[in-house]
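Mind looking at a prediction? Sequence and model below.
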Amino acid sequence: MLDFWKCCLFFVFVPYTIWNFVPKNLFEQFRRIANFYFLIIFLVQLMIDTPTSPVTSGLPLFFVITVTAIKQGYEDWLRHKADNEVNGAPVFVVRSGSLVQTRSKNIRVGDIVRVAKDETFPADLVLLSSDRSDGTCHITTTSLDGETNLKTHYSVAETSVCQSVSRLEALHPHPHTQAQPLGPENLLLRGARLKNTKEIFGVAVYTGMESKMALNYKCKSQKRSAVEKSMNTFLIIYLGILLFEAVLSTILKYAWQAEDKWDEPFYNHKTEQERNSSPILKFISDFLAFLVLYNFIIPISLYVTVEMQKFLGSFFIGWDLDLYHEESDQKAQVNTSDLNEELGQVEYVFTDKTGTLTENEMQFRECSINGTKYQEINGKLVPEGLTDDSPDGSTPHLTGEELLFLKAVSLCHTVQISYDQPDCLAGGGDPFSHANGFSTNDMEYYASSPDEKALVEATKRYGSVRASKTMSLYLQDPCKGLRTLVVACRHFSPEEYIDVDRCLNAARTALQQREERLQEAFSYIERDLQLLGATGVEDKLQDKVQETIEALRLAGIKVWVLTGDKHETAVSVSLSCGHFHRTMNILELLQQQWLLGPELNSLINGEQTAHLFLGIHSLDHVIQHGLVVDGASLSLALREHEKLFMEVCKNCSAVLCCRMAPLQKAKVVRLLKTSPEKPITLAIGDGANDVSMIQEAHVGIGIMGKEGRQAVRNSDYAIARFKFLAKLLLVHGHFYYIRIATLVQYFFYKNVCFITPQFLYQFFCLFSQQTLYDSVYLTLYNICFTSLPILVYSLFEQLVHPHVLQNKPVLYRDISRNSLLSFRTFLYWTLLGFCHAFVFFFGSYVLMGEDTTLMGNGQMFGNWTFGTLVFTVMVITVTLKLALETHFWTWMNHFVTWGSIAFYFIFSLFYGGIIWPFLHTQDMYFVFVQLLSSGSAWFAIIIIVVTCLFPDVVKKVFYRHLQPTSTQKRKFLKFATSDCCRIKNEQKKKNPLPMHFHFSMLTLLALILQINMS
């Protein structure tokens, strides 16, 4: 008997709890460079005298931390809710001589659990007994591996008779009890479902995170997208710019103060404490003051805007009706919004086969009997070339060999039958259709092999239904990729049968070398067989799987299939779904029968891998290659010849890995992730055995299968069918990436525009640390004045129509490898920000020179008016710059773009038109009103804004005509062809001759663009 320890069943797949949320979330947030930096700035402002108020840094920091915590807390609450559904499921356990209902999280190792029909097992159980006299039960493992076939499990003879609670409670270990061997056929894994059995009793042996399903999961770490990593790199660069400006300003201040007249001018005498203070401490204090003055070059609101964009943008996936599966009433689901833009950067897709590419529903297609090929037509078995033209509906006459073939198919299988008992025979009907108390029309088949189920259903249609058992052998049909079962028979005498039965029983009950002895017994039985024929069964693919894989291939995405199925079955499905092409050169790395020891096995594996590598490079590079590798060969290749194996894989258009364990799948994904190229990976699957690779990949997608939600619960995104992956990547991924890439670059640009005039102003105020802008403007620039337009842009921008992106997958390549956040693009936006900032400052300085009289009474502008003028030009310019970048205008874009400019003017009039009693100074009182009352100020605003934006307009026009991307070509081609159609329709109504020339030019231009793209 087992020595049980007490361990509760409790599953946790969430990063936070109610106790650690605040400290852990703060730690995660302050790992971000910008948040940690602003925390330091805020503390500096509290400790020393700085030119700006601590509120200017503390308030935005508090806002960012709070919004991010709320968003992450909400997503974590959804995960807790899903976990509680699992942990709180009701179960019945045997305690104190009776059945007690409790929650699944309260199950302890050693508890005897009762599970009823169609319920899932709450823990790993050893089967003790069932309602069947032989102590067997049938289960399906759909939620674990996607397999819908029925599996038979057995209890040991000593416990199978204990079918009552009292007898089970009386089970005790005895020192003289003979040990009984336990194998996989005695173990009921958590997540599997009981089928075709009324109830079973099992003892819990592994619970909680120690169950096999949980052990196959890898430790779930927080995923970070490539865009966020780029943001951190850009922030470090901007931090370097900030430090350079602060050090330079501090040095220039002391260089300037080297002259006595500037060190202590007559209007600003030093105190005695200032004269006696340490020069080093004073230098550090000045450096920190300049650091605070320029700190807004680091955009703290970037993170909160990105968080809001990701959170709000994720709803579009769930709202997309094209991702809704009507049959199962399931829509796409977003479990984490942190990886939206990563959908636009995928380079490798790792997919499961069963339940992901296929429905795992087998359909009988054809068979061969005695060399004659038969097909099923209208439920009848008809020889190939003939049609079902029997007038009386009877089946064609079958010979003795054909009947023997059908008898073998209908007898040799593992199919179990479930009957729906009729309540009564009221209402008429055929009384003989309920022979033996059941209706043949209400039978439901369950089998350990879906192929056998398809064959039995076919023989039922031909009028032959029985039940028995044998072994199966699957081959690949070279023509159609069907799953082929070879049918043969052997005749035994009664004496031979008794000998065979005794041999099999001895092998099944062996404590040692059980598998080897069973193999020997089967080998003895399956000799001298008489071939009867073969059957062809098709594994039904999910809808549009082939089109989806082809679209991904055109988008530059490589598809790897990772499956636990055997080699022949996996290759068959790869061929039928288009993963492998018929013209593709298929390479194989299979262990097959290597029984020469680990050293020789490794040597053979290395030689085969090297042979494949040389074979690839010796062939024409135009030829596409596909690789088939099994789990054993893969383990050897990764352990001994990893670099060589990776080179082979990278040169293959498609890779198929069969006989893979769950953790092996994760290892393959990790291998590609950590390769020198650092590609973005995506894993998709529907079962619990896919969870490890889903968690390992950059993006994990769960398929909402028929049963179980382990893959969905542990994924980043969930869809109902594999075909939805195309739109998720090609459309949503494309949109999310271009939106957030522009958002990040624009934020850095507008903050350079914001703080560079502050730096330039120090050259005109003797580096006295005088601020150019009012503190309220400093605080509200990123929070109110410029935040909404970029947020709305990042939610609705569409560079190309969604249908164009889905129909032209090659456009996905335009954004691959993080191209929109390359260093070149980052440098362009940064230099553009510096250029615009110089125009803001020096344009205002030149147009509003120190000798210029701007007001009717001859009064001149002061420093606050000058700073407000620079700030006004800046707000208008950066807002209109985003308008130039917008391609898809909605009413909301118009509202926030023009509304932000209007809000700035209204707020400034209100803020400067009232004396605020709680403010220490009233520096801004009536300043904005005076500025707007000057015609020269309006003239300066218009001239500076046009000067900044006109070169951008010219650049965009030239680049789109001279160096357009594929996306821009496709967009222009769409507009050109639509214009052609519009003009042609207009010409039907009118007949102006000059329009012919315009129509011909547009047609010619569209044709040229089409040729260039092809």
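Thanks, I have it.

contacts, neighbours, all on C-alpha from now
Fine.

The stretch 1-150 of the chain: helices as residue ranges?
For the stretch 1-150 of the chain, applying DSSP state H, counting those that start in this stretch gives helices covering 21-30, 33-47, 55-87, 142-145.

Lowest mean pLDDT among the helices and strands, pick that one out for this structure.
strand 474-476 (a mean of 39; mean pLDDT, DSSP states H and E).

thinking again about what came up before, can the helices of the stretch 1-150 of the chain go into JSON lines with extra columns for distance to residue 829 and mean pLDDT?
Below are the helices of the stretch 1-150 of the chain laid out as JSON lines (distance: least, Cα to Cα, whole Å; pLDDT from 0 to 100):
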{"stretch": "helix 21-30", "distance to residue 829": "27", "mean pLDDT": "83"}
{"stretch": "helix 33-47", "distance to residue 829": "19", "mean pLDDT": "80"}
{"stretch": "helix 55-87", "distance to residue 829": "24", "mean pLDDT": "79"}
{"stretch": "helix 142-145", "distance to residue 829": "49", "mean pLDDT": "74"}
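
most tightly surrounded among those?
Across those, averaging neighbours per residue (mean count of other Cα atoms under 10 Å) puts helix 142-145 on top, at a mean of 24.

what ranges do the helices span in the stretch 301-450 of the chain?
301-313, 315-319, 400-411, 450-461.

Of those, which is nearest residue 380?
Residue 380 lies closest, by Cα to Cα, to one member of those: helix 450-461, at 7.4 Å.

Between its first and last residues, how far does stretch 754-767 reach?
For stretch 754-767, the first-to-last residue distance is 18 Å (Cα to Cα, to the nearest Å).

Could you list the buried residues of that stretch?
Across stretch 754-767, burial judged by 16 or more other Cα atoms under 10 Å covers 754, 755, 756, 757, 758, 759, 760, 761, 762, 766, 767.

Direction included, what does the helix or strand that the least confident helix or strand of the chain is followed by pair against?
Stepping forward along the backbone from strand 474-476, the first helix or strand reached (DSSP states H and E) is strand 483-489. Applying DSSP bridges, strand 483-489 is found paired with strand 474-476 (antiparallel), strand 530-541 (antiparallel).

tell me the domain ranges of the chain?
What the TED database lists as the domains of the chain is 109-206, 370-383+401-419+442-490+528-538.

Test my guess that residue 564 contacts residue 663.
No. Using Cα atoms under 8 Å, residue 564 is not in contact with residue 663; the gap is 11.3 Å.

Ranked by average pLDDT, which of the helices of the stretch 301-450 of the chain falls at the bottom?
Ranked by mean pLDDT, the helices of the stretch 301-450 of the chain end with helix 450-461 in last place, scoring a mean of 79.

what's the offset of it from the middle of its chain?
Between the centre of helix 450-461 and the centre of its chain there are 38 Å (Cα atoms, centre = their mean, to the nearest Å).

Over to stretch 63-77?
Distance of stretch 63-77 from the chain centroid (Cα atoms, centre = their mean) equals 21 Å.

Likewise for stretch 308-321?
Remark: stretch 308-321 is offset 14 Å from the chain centroid, using Cα atoms, centre = their mean.

So which bits of it are buried?
Using 16+ other Cα under 10 Å as the test for burial, stretch 308-321 gives 308, 309, 310, 311, 313, 314, 317, 318.

And the pLDDT for the nearest residue to the fourth one once chain neighbours are set aside?
Put plainly, it is residue 311. Once flanking residues are discounted, residue 311 sits nearest to residue 337: 5.6 Å by Cα to Cα, 6 or more residues apart in numbering. On pLDDT, residue 337 comes in at 85.

show me the contacts for residue 337.
310, 311, 314, 716 (Cα atoms under 8 Å, 6 or more residues apart in numbering).

now the domains of the chain as CSV including distance to residue 579?
CSV is the format used below for the domains of the chain (distance: least, Cα to Cα, whole Å):
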stretch, distance to residue 579
domain 109-206, 19
domain 370-383+401-419+442-490+528-538, 12
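
Highest mean neighbour count out of the ones you listed?
Buried most deeply of those, by mean count of other Cα under 10 Å, is domain 109-206, with a mean of 20.

and the closest residue to residue 698 other than its chain neighbours, how far is that from residue 701?
Among residues not flanking residue 698 along the chain, residue 681 sits closest, at 5.3 Å (Cα to Cα, 6+ apart). Using Cα to Cα, we find residue 681 at a distance of 11 Å from residue 701.

shared neighbours of these two, anything?
Joint contacts of residue 681 and residue 701 (Cα under 8 Å, 6+ apart) do not exist.

more crowded one of the two?
Between residue 681 and residue 701, counting by other Cα atoms under 10 Å, residue 701 is the more crowded of the two (31 against 25).

Work out which residue lies at the spatial centre of this structure.
residue 699 (3.2 Å; Cα atoms, centre = their mean).

For stretch 119-131, measure first residue to last.
Stretch 119-131: ends 15 Å apart by Cα to Cα.

and for that stretch, what are the contacting residues?
9, 91, 104, 115, 135-137, 153-156, 159-163, 186-194, 197-208, 211-212.

In strands, which of these fall?
Taking DSSP state E, the ones among those that sit in strands are 91, 115, 136-137, 153-154, 187-188, 193-194, 199-206.

what ranges of the stretch 351-500 of the chain fall below the confidence cut-off?
Low-confidence segments of the stretch 351-500 of the chain, defined by pLDDT under 70: 387-398, 418-443, 448, 463-481.

Need the residues that contact stretch 866-878.
Contacts of stretch 866-878 (Cα under 8 Å, 6+ apart): 750, 753-754, 757, 772-773, 785-786, 837, 840-841, 844-845, 848, 901, 928, 931, 937, 941, 944-945, 948-949.

Same list, the buried residues of stretch 308-321, but as a markdown table with distance to residue 868 please.
Listed next are the buried residues of stretch 308-321 as a markdown table, based on distance: Cα to Cα, whole Å:
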| residue | distance to residue 868 |
| --- | --- |
| 308 | 30 |
| 309 | 30 |
| 310 | 34 |
| 311 | 35 |
| 313 | 35 |
| 314 | 38 |
| 317 | 43 |
| 318 | 45 |
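
wait, doesn't residue 137 sit right on residue 160?
No. Residue 137 lies out of contact with residue 160 (Cα under 8 Å); the separation is 10.9 Å.

Against residue 950, how distant is the closest residue to residue 812 other than its chain neighbours?
Excluding its sequence neighbours, the residue lying closest to residue 812 (Cα to Cα, 6+ apart) is residue 555, at 5.3 Å. As judged by Cα to Cα, residue 555 and residue 950 stand 36 Å apart.

Looking at those two, which has the bigger crowd around it?
residue 555 (22 against 10).

from the contacts of stretch 866-878, which would you call buried?
Using 16+ other Cα under 10 Å, the buried members of those are 750, 753-754, 757, 772-773, 785-786, 837, 840-841, 844, 848, 901, 928, 931, 937, 941, 944-945, 948-949.

So what's the residue count around residue 339?
Neighbours around residue 339, by other Cα under 10 Å: 25.

In contact with it, which residues?
Residues in contact with residue 339 (Cα under 8 Å, 6+ apart) are 223, 224, 225, 699, 716.

Report the contact partners of the last one.
Residue 716 sits next to 334, 335, 336, 337, 339, 699, 700, 701, 702 when contact means Cα under 8 Å, 6+ apart.

where's residue 560, which helix or strand?
Counting by DSSP H and E, residue 560 is part of strand 558-562.

Which neighbouring elements make contact with that strand?
strand 348-351, helix 545-554, strand 654-658 (3 or more Cα pairs under 8 Å, 6 or more residues apart in numbering; DSSP states H and E).

which other residues reach that strand?
Residues contacting strand 558-562 (Cα under 8 Å, 6+ apart): 347-353, 549, 552-553, 579, 653-658, 660, 665.

ok, then the element right after that strand?
helix 567-576.

Show me what that next one packs onto, helices and strands only.
strand 474-476, strand 654-658.

so what secondary structure elements neighbour the longest one?
If you count contacts as 3+ Cα pairs under 8 Å, 6+ apart, strand 654-658 packs onto strand 558-562, helix 567-576, strand 625-630.
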